[in-house]
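Trainee: compute the structure for the input listed below.
(chains A, B and C)
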Amino acid sequence: MNKRTHICFAALSAALLVLFVLALLLGPVAIPAGEVWAALLGKGDPLWATIVLQSRLPQAVTALLAGAALAVSGLLLQTLFSNPLAGPSILGVSDGANLGVAVVMLSVGAGAGLGFWLTTVLAAMAGSAVVLGLIVAFARRVKSSTMLLIIGIMIGYIASSLISILNFHAAADQVHRYVMWGMGDFSSVTMDRLPYFCSFVLLALAASLLLVKPLDALLLGEAYAANLGVNVQRTRVWIMLCTGLMTAAVTAFCGPISFIGLAVPHIARLMLGSSNHHNLLPVTLLAGACLALLCSILTCLPGTSSVLPLNAVTPLFGAPVIIYVIMNRRKIHYFN
Amino acid sequence: MELVLKNLGIGYGRTVVQCGLEQSLMEAGVTSLLGANGAGKSTLLRTICGLEKPLEGSVLLDGRAVAGMNEREISLRIGVVWTSRPPAAALTVSEMVAMGRQPHTGFWGRLGERDRRVCARALEDVGMSSKAERYFGTLSDGERQKVMIAKALVQECPVIIMDEPTAFLDVTSRIEIMLLMRSIAEKYHRSILLSTHDLDIALRHSHYLWLLSSNGLPMTAGTPEELLSRRAIGPYFDTPSLVFDHESRSFRTK
Amino acid sequence: MKKTLSVLLLLLSLNAFADQTGRARYLRIEKAEAYTVVTVLDPWKKGSEIGRYVLVPGKKQVESLPKGQVIKVPVSRAVIYTSVHSAMVEAVGAEERIAAVCESEYLTSENLKKAVRDGLIKDLGSATTPNIEKMLLCRPDVILATPYENNSSGNASKTGAPIVQLPDYMEQDPLARVEWLRFIGLLFGAEERAESLYREVCSQYESLKALAATATRRPKVMTERKWGSSWGVAAGGSYIARMLADAGADYIFSDHPGSGSSYASVEQVLERGRDADFWLLKYTMDGGRQMSRADLAGDNPVYKVFAPYQKGTVWGCNTISTPYYDLIAIHPEKVLAEFIAIFHPELLPDYKFLLYHKLK
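Mentor: Alright, predicted model coming up:
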């Protein structure tokens, strides 16, 4: 590892720690830092403790994991499709997950409690798996990356259409719940749902880390990768499973969140100056966690009474990064 | 490591491009694969590497059929260099070359002492040591191909397959690459099979030639001198207006 | 004597042109001998008007009319966009004069729903894009619309009928909203009925308010639920906040700025409402079903942290199967009674709930 890489890791780790602490300290209600610390230790004023432990802590943990998961999903897809503009939202994977959630919330019927949420996650997984399968099938026939992206967008539109139809026929309280979910929200993972969320995401993140070697090989294209000993078909399936599970879990628990999957891998590559997944994957993970925490903090600053929707804040960071990358693609080494 | 084509039929789908191929790849030398477009050079190379399945017959490596091997086994025996550049990535020259060590490294792909030495020597052999930390994308076409050759070298495979490796290079680079492959074949005892359209350079610098025909003639092989003295080359390339002259080793109009 | 008489006459004549409304902020009614001028003020732009209507009794021919849109009253074929306004027309007994409504599925009155089924009242579809052709076929002589900020009432002007904008929902005083019945009464020839209804509602409301004031405790009340990442609350100046105060309760956001619906963060609600005494919320559930505590917790487990959830003092109102919105507009005293019965059951011992139910 060279010096630049060391600095990246150190800076991101420090930023992550600082942001996590800030997420606990800052919020619409002003709580003194000492009280926050006391609450974490299980002592202190029960009212502050409720806010810190029931609202701020789960939200911070969710943001951290969701950001990491979305960023790594984006990276996996960008490497798999050799396309720097790939991401879970653009390729329609999030829309597939949305459709899965919509099917459960809008038609399967009223439900509540943990069982319901788990069903929702499974449906989201199934939805993203279907879309990913379609995209990969198309990828065999469509050589142009741009065309593939457009196919992904079209599939996303089809999913959205189906969701509208489901909405039309659904009962009022189902629609209400679906609309709430669609606003994108790290605070919807409450303390008792958190263990499930953490398990799904950590499992998929760990599996992604195991793919570092074949991912590097895929950077050279499928023909070279096969010659280096990589079973391309199996690797593809693993990548799809990890991406599908992560996108599905985040989408099902937090609603659709845009731009983190697309932009953070670019931020990581620009920071590292390398596409080597040994460093790129962990850096992407850290950067995604940091960005999500930052956005989460910005949505509920102290002194404000209402909470900004998350999807209003993420594009403010994501879109400029993408524009920068496109404008400077001649100078950036991971473009042709 | 002996590479043998045994009654090999190649093609794709239902189209048979060549059949009944029987050849043995020369060891420790450079064999050039020649033929007009459509003769099946790329298909043959891809079948040998295991990327395509033979339509009939088999490719045998030390008696074992390539079609029955998994990717890992093939990766330890055959290295490849393709025509076009790999998709862009922000990798340095040394990282690119290090990729070739993947079949030999452990689960995480970490490089050990020996791996690093092999990579360094390969870079020297291809003459790219001074540019080891440059980004791969900043190199010229010729330099890139040299790096890909170094990558195939560090894979430490007895057989190296190359599909038109000099297609986009200028004339001096082409000759350089051929000379480089010759020295690798001799120095490291590798069996190299490369396809090319460059009849002239192939005749001058290959140890052996394989000729494929696009109009029904069976495959022919031999050293350049043999084939020239037998006047065997013309029939594979002559067109209604151009004829190959075996004395002058060039084409002339009828 | 002559002086006092002339002063009296002067006062009377002044009165004739004086504003006849008491509470409604956005409504002005000025009665003259031959006509009545009704002015609807703009709730979003202080000092400007949304509409000025000159109501002329049908048979008369009057020469010099003041500025404004002339409407011949009583109207006989009205197109009404909002179901609450339909309910207001029915409340003054003029429902046969309704020719068409929009979104008839939101009507709460069985009478009106039957009339729609029998084809006596036409359904024009969506209120934002009503079916203009059907509207033309009805030959309406007035259109009652609800204005929103920066919004027009579609192409209804094609019918040539006068469009009356009714922003009664923007009134912050619940009784002020009821006063708009007077305008309805003037339009539909049911002035006296409207007047007496208005007075009765006001007096009932005031007496209930006085009753609530005798309660010994003022319980703490929180309202509504999470909406997306925020919590939807009624601002301190809204009519709900006033009604909660009138019902003898301490609303946790009575100091929240604004006079309509607003938002708060979950943290703020946790801070103020965690140990509340009561929780009131509105919800929608098809099929007349009632929300249970399990439903609420399933919606979001954070609700379990609140004291009303734990003590079982959460009260919900299914706005699909109850006439909540109609009662708020026309009979706020009934809603006030509900609140009092919830907060101070000892004051209204035999009360039968129309809107709210305790979540089981």
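Trainee: all strands for the stretch 1-150 of chain C, in order.
Mentor: Taking DSSP state E, counting those that start in this stretch as the test, the strands found in the stretch 1-150 of chain C are C:27-31, C:36-41, C:49-57, C:69-73, C:78-80, C:98-101, C:122-123, C:142-145.
Trainee: list the neighbouring strands of the third one plus their orientation.
Mentor: The partner list of strand C:49-57 in its sheet, established with DSSP bridges, is strand C:36-41 (antiparallel), strand C:69-73 (parallel).
Trainee: now do the shortest one, average pLDDT.
Mentor: With pLDDT averaged residue by residue, strand C:69-73 scores 88.
Trainee: buried residues, it. List them.
Mentor: C:71, C:73 (16 or more other C-beta atoms under 10 Å in any protein chain shown). The C-beta positions use only the backbone N, C-alpha and C, and glycine is treated the same way.
Trainee: what segments of the stretch 151-254 of chain B are strands?
Mentor: Taking DSSP E, counting those that start in this stretch, the strands of the stretch 151-254 of chain B run over residues B:159-163, B:191-195, B:208-211, B:220-222, B:242-245, B:250-253.
Trainee: in JSON lines, list those strands along with distance to residue C:193.
Mentor: Output for the strands of the stretch 151-254 of chain B, formatted as JSON lines (distance: least, C-beta to C-beta, whole Å):
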{"stretch": "strand B:159-163", "distance to residue C:193": "94"}
{"stretch": "strand B:191-195", "distance to residue C:193": "99"}
{"stretch": "strand B:208-211", "distance to residue C:193": "106"}
{"stretch": "strand B:220-222", "distance to residue C:193": "110"}
{"stretch": "strand B:242-245", "distance to residue C:193": "108"}
{"stretch": "strand B:250-253", "distance to residue C:193": "110"}
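Trainee: out of the ones you listed, which is closest to residue A:250?
Mentor: Set against residue A:250 and scored by C-beta to C-beta, the strands of the stretch 151-254 of chain B come closest in strand B:159-163, at 42.5 Å.
Trainee: average model confidence for that closest one?
Mentor: In the prediction, strand B:159-163 has an average pLDDT of 94.
Trainee: contact partners of that strand?
Mentor: B:1, B:3, B:25, B:41-42, B:45-46, B:48-49, B:61, B:77-83, B:149, B:152-153, B:181, B:184, B:190-195 (C-beta atoms under 8 Å, 6 or more residues apart in numbering or on different chains).
Trainee: take the residues you listed and keep only those in helices.
Mentor: B:41, B:42, B:45, B:46, B:48, B:49, B:77, B:149, B:152, B:153, B:181, B:184 (DSSP state H).
Trainee: for burial, what's the neighbour tally of the fifth one?
Mentor: This points to residue B:48. 25 (other C-beta atoms under 10 Å in any protein chain shown).
Trainee: that one - nearest residue in space that isn't next to it in sequence?
Mentor: residue B:59 (5.2 Å; C-beta to C-beta, 6 or more residues apart in numbering or on different chains).
Trainee: what's the host helix or strand of that neighbour packed up against?
Mentor: Element membership for residue B:59, per DSSP states H and E: strand B:56-61. Using 3 or more C-beta pairs under 8 Å, 6 or more residues apart in numbering or on different chains; DSSP states H and E, the elements in contact with strand B:56-61 are strand B:3-12, strand B:15-24.
Trainee: nearest to residue A:326 among those strands would be which one?
Mentor: strand B:3-12 (37.3 Å).
Trainee: the closest one pairs with which strands, and in what direction?
Mentor: strand B:15-24 (antiparallel), strand B:56-61 (antiparallel).
Trainee: which residues touch the helix or strand just after the last one?
Mentor: Scanning forward in sequence from strand B:56-61 by DSSP H and E, the next helix or strand is strand B:64-65. Here strand B:64-65 makes contact (C-beta under 8 Å, 6+ apart) with B:58, B:59.
Trainee: and residue A:293, what does it touch?
Mentor: A:16, A:19, A:20, A:22, A:23, A:60, A:63, A:64, A:67.
Trainee: who wins on neighbours among those?
Mentor: residue A:67 (31 neighbours).
Trainee: for the nearest residue to that residue once chain neighbours are set aside, pull up the helix or strand it's in.
Mentor: Spatially, and ignoring its direct neighbours in sequence, residue A:67 is nearest to residue A:292 (2.4 Å; C-beta to C-beta, 6+ apart). Assigning secondary structure by DSSP H and E places residue A:292 in helix A:277-299.
Trainee: out of the helices and strands packed on strand B:56-61, which one sits most buried?
Mentor: strand B:3-12 (a mean of 18; mean count of other C-beta atoms under 10 Å in any protein chain shown).
Trainee: run the angle between that strand and strand B:191-195 for me.
Mentor: In terms of direction (axes from the mean of the first three to the mean of the last three C-alpha atoms, to 10 degrees), strand B:3-12 departs from strand B:191-195 by 30 degrees.
Trainee: run through who's touching strand B:3-12.
Mentor: B:16-25, B:40, B:43-44, B:47-48, B:52, B:54-61, B:159, B:191, B:193.
Trainee: now swap in stretch A:227-235 and tell me
Mentor: Against stretch A:227-235 from outside (C-beta under 8 Å, 6+ apart): A:211, A:214-215, A:217-218, A:220, A:222, A:225-226, B:49, B:70-72, B:74-76, B:78-80, B:99-100, B:102-103, B:155.
Trainee: buried set for it?
Mentor: For stretch A:227-235, burial by neighbour count (16+ other C-beta under 10 Å) applies to A:227, A:228, A:229, A:230, A:232, A:235.
Trainee: report the lowest-confidence entry in those.
Mentor: Of all the buried residues of stretch A:227-235, residue A:232 carries the smallest pLDDT score, 85.
Trainee: where does chain B have low pLDDT?
Mentor: Residues of chain B meeting the criterion pLDDT under 70: B:88.
Trainee: for chain B, what's its nearest residue on the stretch 151-300 of chain C.
Mentor: residue C:229 (37.1 Å; C-beta to the nearest C-beta).
Trainee: can you report phi and psi for the residue nearest to residue A:255 when sequence neighbours are not counted?
Mentor: In space, and not counting its chain neighbours, residue A:255 is closest to residue A:184: 4.3 Å by C-beta to C-beta, 6+ apart. Here is the backbone geometry of residue A:184 (degrees, to the nearest 10): phi 70, psi 120.
Trainee: same check on residue A:86?
Mentor: phi -80, psi 150.
Trainee: that one reaches residue A:153, doesn't it?
Mentor: No. Counting by C-beta atoms under 8 Å, residue A:153 is not a contact partner of residue A:86; they are 11.5 Å apart.
Trainee: out of these two, which sits in the busier spot?
Mentor: Each of residue A:86 and residue A:153 has its neighbours counted (other C-beta under 10 Å); residue A:86 has more, 27 against 14.
Trainee: in chain C, where is pLDDT below threshold?
Mentor: In chain C (pLDDT under 70), the answer is C:1-21, C:60, C:149-155.
Trainee: how about the residues of it by chain A?
Mentor: C:226-230, C:256, C:262-268, C:270-271, C:274-275, C:283-287, C:294-295, C:297-302, C:305, C:320 (C-beta under 8 Å from any C-beta of the partner chain).
Trainee: the closest residue to chain B within the stretch 151-300 of chain A and residue C:359, how far apart?
Mentor: With C-beta to the nearest C-beta, the shortest gap between the stretch 151-300 of chain A and chain B falls at residue A:229, namely 3.4 Å. Plainly put, residue A:229 is 62 Å away from residue C:359 if you go by C-beta to C-beta, to the nearest Å.
Trainee: looking at the strands of the stretch 1-150 of chain C, which one is packed in the most?
Mentor: strand C:78-80 (a mean of 28).
Trainee: tell me, how many residues neighbour the residue in the stretch 1-150 of chain B positioned nearest to chain A?
Mentor: Going by C-beta to the nearest C-beta, chain A is nearest to residue B:75 of the stretch 1-150 of chain B, at 3.4 Å. Each residue near residue B:75 was counted by other C-beta under 10 Å, and the total is 26.
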